[in-house]
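Participant: here you go, sequence then predicted model.
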There are 2 protein chains.
Amino acid sequence: MDTLVAYKEHLREIGKLESAVSLLGWDQRTNLPRKGHPARAEVIGKLTKMVFELSVSDKLGEYLSELESRDSLSQVEQASVRVVGKAYRRHKAIPPAFYEEYAVAAARSETAWEEAKEKSDFSLFKEHLERMVDYARKFAEYYGYKDSPYDALIEEFEPGMTSTELKTIIAPLREELVPFIKRLMQEGKRPDDTFMRGTFPDDVQRALSLKALEAMNYDFDAGRLDPTVHPFTTTIGPGDVRITTRFLPHNILSGLASSMHEGGHALYDQGIPDELRWSGLDEGASFGIHESQSRTWENLVGRSRSFWKFFAPIAGEIIPQLSSASAEDLYRAANIVEPSLVRVEADEVTYNLHIMLRFELEEGLITGKTNVADLPELWRDAMKRYLGVVPEDDAHGVLQDVHWSSGLFGYFPSYMLGNLYSAQFFAAARKDIADFDEKIASGNLSDLLSWLRKNIHQYGKMYEPKELIERVTGEKPDPSYFVRYIVDKYTDVYDLH
Amino acid sequence: MDTLVAYKEHLREIGKLESAVSLLGWDQRTNLPRKGHPARAEVIGKLTKMVFELSVSDKLGEYLSELESRDSLSQVEQASVRVVGKAYRRHKAIPPAFYEEYAVAAARSETAWEEAKEKSDFSLFKEHLERMVDYARKFAEYYGYKDSPYDALIEEFEPGMTSTELKTIIAPLREELVPFIKRLMQEGKRPDDTFMRGTFPDDVQRALSLKALEAMNYDFDAGRLDPTVHPFTTTIGPGDVRITTRFLPHNILSGLASSMHEGGHALYDQGIPDELRWSGLDEGASFGIHESQSRTWENLVGRSRSFWKFFAPIAGEIIPQLSSASAEDLYRAANIVEPSLVRVEADEVTYNLHIMLRFELEEGLITGKTNVADLPELWRDAMKRYLGVVPEDDAHGVLQDVHWSSGLFGYFPSYMLGNLYSAQFFAAARKDIADFDEKIASGNLSDLLSWLRKNIHQYGKMYEPKELIERVTGEKPDPSYFVRYIVDKYTDVYDLH
């Protein structure tokens, strides 16, 4: 068989097994009965191992080294070989025995974190976290890096990004946002949301989410919406990109935002063309770019004045209590800023500060500037400086997120980059699309989706984030779009004039 | 590694892949969005092939031949080696190229059958069916047999059963039932069911099914109930045995019966002990024994006078329209007999006649006594003799069932055997359990379940059907239990005295 054909066939085999793993995981979090969990873990373990073995197989290595020197490849094939080859070398860099040792330690560490969080006792987790930091530093050594070991880790989530660059991005953001939030809180006028108080059954909230997803042109023939505890989106296979969401009984906006956020992720995956399926390119360009799509729909669309102009009557029809509220009332109520302790509950203004704090701490851990033992204190200190609030216990402080417990370092910045990219993309879309706000205000969200499809989705993972951003916007990643968006919007919403 | 350990590990690997295949199949029939189907078929194909390859691997053959001569095996291990070895040899008997050729032809034949059924045009299907009969006869030659090639096929579904024995079972059944049904129709008094007419939303019907399943002690922590088009039960893995059901808007009894039928299958699988998991023994003794469990709960319990004594008030609470009906009214309405054209709509009295007809025809096809071209006429003729009704078109006649289109011959008798076994088991349970009817009438169904667990479920596939029946009832399979059950019950329900 020709090497190129064999290579593609090999990737299809991986793709099919990954599809099964995705379904097993989705089902685990939506449908699986309690007593089915132990066996499910074994089944997922088995199939994940098979995927991994195919991903590091010598056969794949041979295909890659032959194809890397071929010059007759199409553009897509070249990109596939580049992306798959890079992942192959990263996987191969890790000795299997080391990885297995790490995996066992990570499972123990996660369990310890759970207990520590429950008891709000950092001391139960400290040694495990130290071990995870050690492992992460060893991973970085195996992967290799130029300037900082942290760069080797972030590469997994945001190819081409470095800690130096992140610091350059963060500095102006911090300088602008920290004082702006203070001003908002001291001088601003908090919007009223008392008219939204009440208890809203799941089926009513689901109906509202479905209306928003329909307006977004999420394709229900290629997906579905199910409830879960921690919302996520998963691509199970071509034509099957599923959203999950969570409804809080007393907060109608939370479930709606969650559905639109996951819907944004799903639109990205639904927009990846068949040509890229099972080629190693059938996913987002990076975690940050993926997050930019979810944030676009959740915030830039879903919390915009234009969106509420057409969506207010729809909401009023589904929830009679809202029928007397104006579009402007709803828009303002959807944009309340509240410096708070917990990242996942943060609004779009304060969110990035939660990330900055985590980035600074984890970068310090990996480079050795920061000790695990000092984390709780450093956390409280940064919270005070950035957000003016201080957690009373570590459960609401340093222990709140699961990521570090399994050795996931370099992941957090993706959330922030997603916010920044989304504002930059949105500004470009606004330039390209005539009557942009009027269209959204009339419920026409398809021009925006077409723009995202054409400029971002159709390329899947063909370009690295920076290259993609330059192609789309003509500029390098620039945090000032986000700052301008936030300052303009909230100066208005909070009557700061 | 010790051969026994390696053998068990090999079976666990198969079990894990089969678990993934089961979930992929369940999801395909309950949740999968329309556009996800083509990729899903590929994923299932890939994993099914992997399971097959492991099932016929030379390694497994070596394990088996070593273990078959070992005398230190436990009883469970011996049974495992016997059952797995038998399946191994059957699989190995089929040349892979032949199987592949058959699989392609079967897929085409199923498509042709769909079209033929839709257009009610047997001629579109005739050649395909001829081909499927040819393949089935070749399968029989590969498998080998003593008396009739049909025996080689039924062996797959009902180990140890033969066509000679089936004929011995069927003869008295036919002699008793055919005239009894005529008498019922001519002299009997059809129960009234006008009080059950109406439109019943899915959520109401679901609530009713849940109550019945709870009463049956179906373990919802190890399963779930979902809607689908063609109801089925599937074991996805240990602790995960799922039921699906279908609700007809105008017929509350149909959905309830479907849920209790599938619930009966599920109780069997939920009752298989952990010791047998992933050993080749973690399924029912045969298709017929499995069907006996579904029929026990659907008919012998679910259509009994005792059941309705405790279930009538529950039904009345969920469906106010039924609250004025007596338990006796509901019992009688649940037992209306109606000779009809379509097997899947048949009541428990006429059901077996649909099966006899199919058995006689398919046995003739496989032994060469019957020509495919004559089937439509033979079908009409037999329907007239057995049930006194004749289909106006082949869609409601010979084309109604999917089985033959994919070459499934020897399967139909399982349905009938299930009915016969269920009556024989039930008679034995009645002897063993004190105050049997009173217990059911008070909603205590757990004594019956414990009896089934102890006598049937706990053994999984350790015994062949005949051995199991003798162990449980002290007798050979005997159709007279079923005949007596039917005649006694319906003589009463139809006031034939």
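Facilitator: Ah, there it is. Just so it is clear, the structure is predicted and the values come from calculations on it, not from any experiment.

Participant: what mean pLDDT does stretch A:449-456 have?
Facilitator: Averaged over stretch A:449-456, pLDDT sits at 98.

Participant: show me what from chain A comes close to chain B.
Facilitator: Taking C-beta under 8 Å from any C-beta of the partner chain as the measure of proximity, chain A contacts chain B at A:13, A:16-17, A:19-20, A:23-24, A:27, A:31-40, A:42-43, A:46-47, A:219-224, A:236-240, A:277. The way it works is simple: take the backbone N, C-alpha and C, and place the C-beta from them, glycine included.

Participant: tell me where chain A has strands.
Facilitator: When assigned using DSSP state E, the strands of chain A occupy the ranges A:225-227, A:233-237, A:240-245.

Participant: reformat these as TSV; add distance to residue A:119.
Facilitator: Shown next, in TSV, are the strands of chain A (distance: least, C-beta to C-beta, whole Å):
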stretch	distance to residue A:119
strand A:225-227	29
strand A:233-237	32
strand A:240-245	29
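
Participant: most neighbours per residue, which of those strands?
Facilitator: strand A:240-245 (a mean of 26; mean count of other C-beta atoms under 10 Å in any protein chain shown).

Participant: for the nearest residue to residue A:292 once chain neighbours are set aside, give me its contacts.
Facilitator: The shortest distance from residue A:292 to any non-neighbouring residue, by C-beta to C-beta, 6 or more residues apart in numbering or on different chains, is to residue A:421 (3.7 Å). Going by C-beta atoms under 8 Å, 6 or more residues apart in numbering or on different chains, residue A:421 touches A:288-289, A:291-292, A:465, A:469, A:477.

Participant: any of the residues of chain A next to chain B buried? List them.
Facilitator: Buried by 16 or more other C-beta atoms under 10 Å in any protein chain shown: A:13, A:16-17, A:19-20, A:23-24, A:27, A:31-33, A:35-36, A:39-40, A:42-43, A:46-47, A:219, A:222-224, A:236-240, A:277, out of the residues of chain A next to chain B.

Participant: which stretches of the stretch 201-350 of chain A have low pLDDT?
Facilitator: Across the stretch 201-350 of chain A, nothing is flagged by pLDDT under 70.

Participant: ranges for the helices of it?
Facilitator: Using DSSP state H, counting those that start in this stretch, the helices of the stretch 201-350 of chain A run over residues A:202-215, A:252-270, A:287-295, A:305-318, A:327-333.

Participant: can I see the domain layout of chain A?
Facilitator: By the record's domain assignment, chain A is partitioned as A:3-93, A:120-497 (automatic domain parsing).

Participant: now, of those domains, which is deepest in the fold?
Facilitator: Of the domains of chain A, domain A:120-497 is the most buried (mean count of other C-beta under 10 Å), at a mean of 19.

Participant: OK, contacts around the most far-flung residue of chain A relative to its centre?
Facilitator: No residue in chain A sits farther from the centre than residue A:1, which is 39.7 Å out by C-alpha atoms, centre = their mean. Residues counted as contacts of residue A:1 (C-beta under 8 Å, 6+ apart) are residue A:9.

Participant: find the closest residue to chain B in the stretch 251-400 of chain A.
Facilitator: Chain B sits closest to residue A:277 of the stretch 251-400 of chain A, with a gap of 8.0 Å, by C-beta to the nearest C-beta.

Participant: in contact with that residue, which residues are there?
Facilitator: Contacts of residue A:277 by C-beta under 8 Å, 6+ apart are A:15, A:238, B:39.

Participant: closest to residue B:140 out of the strands of chain A?
Facilitator: strand A:233-237 (37.6 Å; C-beta to C-beta).

Participant: if we can go back for a sec, closest to residue B:492 out of the strands of chain A?
Facilitator: Closest among the strands of chain A, once you apply C-beta to C-beta, is strand A:225-227, at 47.9 Å.

Participant: report all helices and strands that the closest one contacts.
Facilitator: Packed against strand A:225-227 by the contact rule (3 or more C-beta pairs under 8 Å, 6 or more residues apart in numbering or on different chains; DSSP states H and E) you find helix A:202-215, strand A:240-245.

Participant: neighbouring contacts of it?
Facilitator: With contacts defined as C-beta under 8 Å, 6+ apart, strand A:225-227 is touched by A:30, A:202, A:206, A:209-210, A:213, A:242-247, A:259.

Participant: now tabulate the residues you listed in CSV and tack on distance to residue A:305.
Facilitator: Formatted as CSV, these follow (distance: C-beta to C-beta, whole Å):
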residue, distance to residue A:305
A:30, 34
A:202, 28
A:206, 25
A:209, 21
A:210, 23
A:213, 21
A:242, 31
A:243, 25
A:244, 29
A:245, 24
A:246, 26
A:247, 25
A:259, 20
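
Participant: which two of the residues you listed have the greatest separation?
Facilitator: A:202 and A:242 (17.8 Å).

Participant: output the longest helix belonging to chain A.
Facilitator: Determined from DSSP state H, the single longest helix within chain A is helix A:3-30.

Participant: gap between that one and the chain center?
Facilitator: Distance of helix A:3-30 from the chain centroid (C-alpha atoms, centre = their mean, to the nearest Å) equals 22 Å.

Participant: for residue A:233, what are its contacts?
Facilitator: A:241-244, A:262, A:265-266, A:269, A:294.

Participant: same question, residue A:378
Facilitator: Per C-beta under 8 Å, 6+ apart, neighbours of residue A:378: A:361, A:370.

Participant: check the gap between it and residue A:363 for me.
Facilitator: 12 Å (C-beta to C-beta, to the nearest Å).

Participant: cool, residue A:449 as well?
Facilitator: Taken as C-beta to C-beta, the span from residue A:449 to residue A:363 is 36 Å.

Participant: sorry, back to before: between the contacts of strand A:225-227, which sits nearest residue A:115?
Facilitator: Residue A:115 lies nearest to residue A:246 out of the contacts of strand A:225-227, by C-beta to C-beta, at 24.0 Å.

Participant: could you tell me the phi and psi values at the closest one?
Facilitator: Residue A:246 adopts backbone torsions of phi -140, psi 130, taken as degrees, to the nearest 10.

Participant: that one and residue A:206 touch, don't they?
Facilitator: No: assessed by C-beta atoms under 8 Å, residue A:246 is found out of contact with residue A:206, at 11.1 Å.

Participant: which residues does whichever residue of the stretch 301-450 of chain A sits closest to chain B contact?
Facilitator: In the stretch 301-450 of chain A, the residue that lies nearest chain B is residue A:449 (17.1 Å; C-beta to the nearest C-beta). Counting by C-beta under 8 Å, 6+ apart, residue A:449 makes contact with A:216-217, A:267, A:271.

Participant: turn those into a markdown table, including distance to residue A:434.
Facilitator: Converted to a markdown table, the contacts of residue A:449 look like this (distance: C-beta to C-beta, whole Å):
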| residue | distance to residue A:434 |
| --- | --- |
| A:216 | 20 |
| A:217 | 19 |
| A:267 | 22 |
| A:271 | 22 |
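
Participant: excluding chain neighbours, what is closest to residue A:218?
Facilitator: residue A:263 (5.0 Å).

Participant: quick one: residues contacting the one you found.
Facilitator: With C-beta under 8 Å, 6+ apart, residue A:263 has these contacts: A:212-213, A:216, A:218, A:243, A:294, A:297.

Participant: nearest to residue B:146, of those residues?
Facilitator: Using C-beta to C-beta, the contacts of residue A:263 come closest to residue B:146 at residue A:243, 57.4 Å.

Participant: tell me where the stretch 51-200 of chain A has helices.
Facilitator: For the stretch 51-200 of chain A, applying DSSP H, counting those that start in this stretch gives helices covering A:58-68, A:75-93, A:96-119, A:123-143, A:149-154, A:163-187.
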